[in-house]
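Asker: Predicted model, plus sequence, below.
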Amino acid sequence: MAIGFGVEASVMKGWNGRLLRLDLSREKFVSQEFGADFALKFVGGRGFAAKILWDETNPGVDAFSPENPLIMAAGPLTGLPLPSSGKIVVAAKSPLTGGYGDGNLGSWAAVNLRRSGYDALVVTGAAREPKYVLIVDGRVEIRDAEDYWGLGALETERRLREKHGKTVGMLGIGPGGENRVRFATVVSQEGRSGGRPGIGAVMGSKKLKAVVIEGRKEIPLADEQRLKEVAAEGYKAVLDKPNYGFWKRQGTMATVEWSQANSVLPTFNFRECVFEEALSIGGEFMEKVKVAQRGCPQCNMTCGNVIEDVEGNESELDYENVVMLGSNIGVGNLRHVAHLNRLADDYGLDTISLGNAIGFAMEASEKKLTKEKVEWGNYDDAKRLIEDVAYGRGLGRLIGKGTRAASEEIGGDSEKWAMNIKGLEISAYNCHSAPAMALAFGTSPIGAHHKDAWVISWEISYGREGYGPEKVSKVIEFQRIRGGAFESLVTCRFPWIELGFELDWYPKFLEAATGVKLSLDEIYTLGDRIYSLIRAFWVREYGSSWSRRMDYPPARWFEEPPSKGAQKGVKLDPQQYDRLLDEYYEKRGWDRNGVPYSATLQRLGLEDVARALGKP
Ligand code: PTT
Ligand code: SF4
């Protein structure tokens, strides 16, 4: 069985040309070849995931149904000895948003999957009893996971490594995924976590506790010598970047001070943009108490900063984790925040949605919309609430459905401050006074995540007040690079965005690995195809309830300006936001409701999608 046609898998280089298909209901697996057409059109990672979801799910499929495929997809650069290439995309139809969902995490599982002779793993069906899957050099076994079910993700990884050896790569879930918390993630490497829109819950619904992978095969390369040369040059260029030393010291944590200085730091459920205790949870303070540094495979700019939490455990911090479980809920002690973060990693819960959900609960409690009391800044309340989210108890059960569903249940005016777009909670940038970043959140293909277009730094230096067309162009440019290129080549974007490692390196890497010569513009067109395909998936899933309102941020940004800081009194203008959205749709070739025109889909080689959507 093969997907695509034309050049056969056996003569392709760079890609292994194989998907591993696993049906947990029947405990069967099959290795499926794909051809060059599929590889060249959808590249890998997010591209593969979007195509498989579009082709293989029935419209309206329940995210927890055995038919919803769980996809773990690498790309043609993943796992090669290239800068920061140890990343993998995990994807499925999201139980949180009801649309396309994915995430990207660093893991030895990414490298070992490729060294096992596969480019992606596609899991369908559902086991009756807990299982884990062991893949060793391409051989597959489905094993009993009864002994691991109920354990935290960190402990599960420790035990499975003890059993299968230190060099295995692992993707696993904690109790959050087992209990189908709608923002449960997939966890790896003692605290790398991906799949914000509930991909861990989809894994839990299949009773799949973990995937353990060992791989020692060679990945076929078009020009091995050339790859060695460009890789060595690339690694050296990363080391030579002026910001390298500071990055290694603080990683993403320096953004806390930056966000505070620029009044975009989410505080008290995005009500405010500055936090009085910001410095005590920032990068400078973290640097003083840091005890270790961790990172993803193949990376020479590792950025995982580890500190000891209030209970004496190690906790790996990033900007998003610290802000959402710190200033956004009013907690200003880094060791307390670190423990909340550690709990999230162990339970396998996304810190961004979790911090939003706790902030939402604290505001709801303040407004007397909940029976249970949870107070701003109260560490013990936050800790208890996290446990209740993971185990589906009380208020935790409610907010574990996500802020959109929770606000529908508690009512009042809570919809205005349920800080999500399309059901996915907003990541850690407050956009009362950042229209381009608001548009980036509004049009992100998975809901309000910053990963596709983190334009806020550019916007603030360019001029944050305006709503000019250059802002729309910047959002699309970033979406092409970040959401298109990096998510389908599947390699970390930090060398580029954080150190200024030039984008021109990537076509060189791709050519050495695959023999395929593509310009950056051609790579961006691939990104446009993936974007329109994902948009079509959302439209198909939502049917008649789809409208441009799906791309709007919550009312808080339009109606409730912050009361403090340099941006006091500033809020987004709804008419101007609407105009940005119109321009965005026009540039993408989508109609006034954000639905791709038939001509756009055809131009991008998605004729079947055009037919299915039935658009003019
Ligand atoms: C990512 C999102 C982010 S984005 C962060 S911190 W960031 C949060 N991390 C979490 C965590 O940790 N534990 C937890 N329980 N939940 C968490 N939720 C949040 O998840 C991540 C890095 C980071 S750190 C970022 S920006 C970059 N993201 C990349 C990306 O998306 N694509 C890509 N090609 N390269 C990237 N490089 C950087 O990787 P999601 P990771 Mg994460 C502990 O996955 O779902 O996309 O959400 O993957 O291995 O931890 O690396 O300031
Ligand atoms: Fe992982 Fe950080 Fe390296 Fe990117 S820069 S690969 S997130 S350690």
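Answerer: Good, I have the coordinates. Ligands and ions are numbered 1, 2, ... in the order given.

Asker: Distance check, the residue lying closest to Glu311 once chain neighbours are set aside against Glu320.
Answerer: Closest residue to Glu311 apart from its sequence neighbours, by Cβ to Cβ, 6 or more residues apart in numbering: His339 at 5.6 Å. All C-beta spots, glycine's among them, are computed from the backbone N, C-alpha and C. In this view, His339 and Glu320 are 17 Å apart by Cβ to Cβ, to the nearest Å.

Asker: if we can go back for a sec, so what does the strand or helix carrying the residue nearest to Glu311 touch, helix or strand wise?
Answerer: Per DSSP states H and E: His339 is located in helix 334-347. Judged by 3 or more Cβ pairs under 8 Å, 6 or more residues apart in numbering; DSSP states H and E, helix 334-347 is in contact with helix 153-164, helix 283-289, strand 304-308, strand 314-317, helix 319-324, helix 351-366, helix 379-391.

Asker: Now do that helix and helix 351-366, the angle between them.
Answerer: 110 degrees (axes from the mean of the first three to the mean of the last three Cα atoms, to 10 degrees).

Asker: what pLDDT does Val7 get?
Answerer: The model reports Val7 with a pLDDT of 46.

Asker: Now do stretch 211-223: distance to the chain's middle.
Answerer: 24 Å (Cα atoms, centre = their mean, to the nearest Å).

Asker: Please tell me how far the residue nearest to Lys41 when sequence neighbours are not counted sits from Gly466.
Answerer: Distance criterion Cβ to Cβ, 6+ apart; nearest residue to Lys41, sequence neighbours excluded, is Gly605 at 6.3 Å. Distance of Gly605 to Gly466, computed by Cβ to Cβ: 36 Å.

Asker: Likewise for Val186?
Answerer: For Val186 relative to Gly466 (Cβ to Cβ), the value is 39 Å.

Asker: Between these two, tell me which one has more neighbours.
Answerer: Val186 (31 against 13; other Cβ atoms under 10 Å).

Asker: Looking at the stretch 101-250 of the chain, which residue is nearest ligand 1?
Answerer: Gly103 (2.3 Å; Cβ to the nearest ligand atom).

Asker: OK, contacts around that residue?
Answerer: Val89, Val90, Ala91, Thr185, Val186, Ser193, Gly194, Gly195, Arg196, Pro197, Ile199 (Cβ atoms under 8 Å, 6 or more residues apart in numbering).

Asker: what number of residues lie near the residue nearest to Glu311?
Answerer: With other Cβ under 10 Å as criterion, His339 counts 24.

Asker: Not including adjacent chain positions, what is the nearest residue to whatever residue of the stretch 301-450 of the chain ends up closest to ligand 2?
Answerer: Nearest residue of the stretch 301-450 of the chain to ligand 2: Cys303, at 3.6 Å (Cβ to the nearest ligand atom). Leaving aside its sequence neighbours, Cys303 sits nearest to Gly251 (Cβ to Cβ, 6+ apart; 3.3 Å).

Asker: separation between the one you found and ligand 1?
Answerer: 8 Å (Cβ to the nearest ligand atom, to the nearest Å).

Asker: which non-adjacent residue is nearest Ala292?
Answerer: According to Cβ to Cβ, 6+ apart, the nearest residue to Ala292 is Val306 (4.0 Å).

Asker: Name the residues linked to the one you found by a beta bridge.
Answerer: Val306 has these beta-bridge partners by DSSP bridges: Ala292, Glu316.

Asker: Glu272 too?
Answerer: What pairs with Glu272, by the bridge criterion (DSSP bridges), is Thr267.

Asker: For it, grab the count of nearby residues.
Answerer: The burial count for Glu272: 24, using other Cβ under 10 Å.

Asker: pLDDT wise, what is it at?
Answerer: 98.

Asker: ok, back up a step: correct me if wrong, but the residue of the stretch 101-250 of the chain closest to ligand 1 is in a strand.
Answerer: Yes. With DSSP: H, G, I helix; E, B strand; the rest coil as the criterion, Gly103 is part of a strand.

Asker: how about the longest helix seen in the chain: buried residues?
Answerer: Counting residues, the longest helix in the chain under DSSP state H turns out to be helix 520-542. Judged by neighbour count (16 or more other Cβ atoms under 10 Å), helix 520-542 contains these buried residues: 523-542.

Asker: What is the burial count for the residue nearest to Ala292?
Answerer: Neighbour tally, Val306, other Cβ under 10 Å: 18.

Asker: where's the residue of the stretch 301-450 of the chain closest to ligand 2 relative to ligand 1, distance?
Answerer: Relative to ligand 1, and taking Cβ to the nearest ligand atom, Cys303 is found at 7 Å.

Asker: ok, which residues in this protein are in contact with ligand 1?
Answerer: Residues of the chain found near ligand 1 (Cβ under 6 Å from any ligand atom) are 87, 103-106, 185, 191-196, 252, 296, 316, 318-321, 344-345, 349-352, 451, 486-487, 492-494.

Asker: change it to 5 Å
Answerer: 103-106, 191-196, 252, 318-320, 344-345, 350-352, 451, 486, 492-493 (Cβ under 5 Å from any ligand atom).

Asker: pLDDT weak spots in this protein?
Answerer: Within the chain, the segments meeting pLDDT under 70 span 1-11, 615-616.

Asker: tell me, what residue is most central in it?
Answerer: Computing the C-alpha centroid of the chain and ranking residues by Cα atoms, centre = their mean puts Gly103 first, at 2.9 Å.

Asker: and the residue of the stretch 1-150 of the chain nearest ligand 2?
Answerer: Counting by Cβ to the nearest ligand atom, the stretch 1-150 of the chain gets nearest ligand 2 through Ser84, at 3.7 Å.

Asker: contacting residues around that residue?
Answerer: Val238, Cys296, Gln298, Cys299, Asn300, Met301, Thr491, Cys492, Phe494, Pro495.

Asker: buried ones in stretch 435-449?
Answerer: Neighbour count says stretch 435-449 has 435-449 buried, by 16+ other Cβ under 10 Å.

Asker: just checking, what packs against the host helix or strand of Leu19?
Answerer: Using DSSP H and E, Leu19 maps to strand 18-23. Other helices and strands packing on strand 18-23, by 3+ Cβ pairs under 8 Å, 6+ apart, are strand 28-34, strand 120-124, strand 139-144.

Asker: Just send those strands back as a markdown table, with mean neighbour count too.
Answerer: Shown next, in a markdown table, are the helices and strands packed on strand 18-23 (neighbours: other Cβ atoms under 10 Å):
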| stretch | mean neighbour count |
| --- | --- |
| strand 28-34 | 17 |
| strand 120-124 | 25 |
| strand 139-144 | 14 |
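
Asker: Can you lay out the ones you listed as CSV showing distance to Lys368?
Answerer: Below are the helices and strands packed on strand 18-23 laid out as CSV (distance: least, Cβ to Cβ, whole Å):
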stretch, distance to Lys368
strand 28-34, 53
strand 120-124, 44
strand 139-144, 48
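
Asker: need these in JSON lines with distance to ligand 2, can you?
Answerer: As requested, the helices and strands packed on strand 18-23 are exported to JSON lines (distance: least, Cβ to the nearest ligand atom, whole Å):
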{"stretch": "strand 28-34", "distance to ligand 2": "26"}
{"stretch": "strand 120-124", "distance to ligand 2": "19"}
{"stretch": "strand 139-144", "distance to ligand 2": "27"}
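
Asker: Out of those, which is closest to Ser427?
Answerer: strand 120-124 (25.9 Å; Cβ to Cβ).

Asker: So what are the sheet partners of the next helix or strand after the closest one and their directions?
Answerer: Going down the chain from strand 120-124, the next helix or strand is strand 131-136, by DSSP H and E. Taking DSSP bridges as the criterion, strand 131-136 pairs within the sheet with strand 139-144 (antiparallel), strand 208-214 (parallel).

Asker: chain center to the shortest one: distance?
Answerer: The chain centroid and the centroid of strand 139-144 are separated by 27 Å under Cα atoms, centre = their mean.
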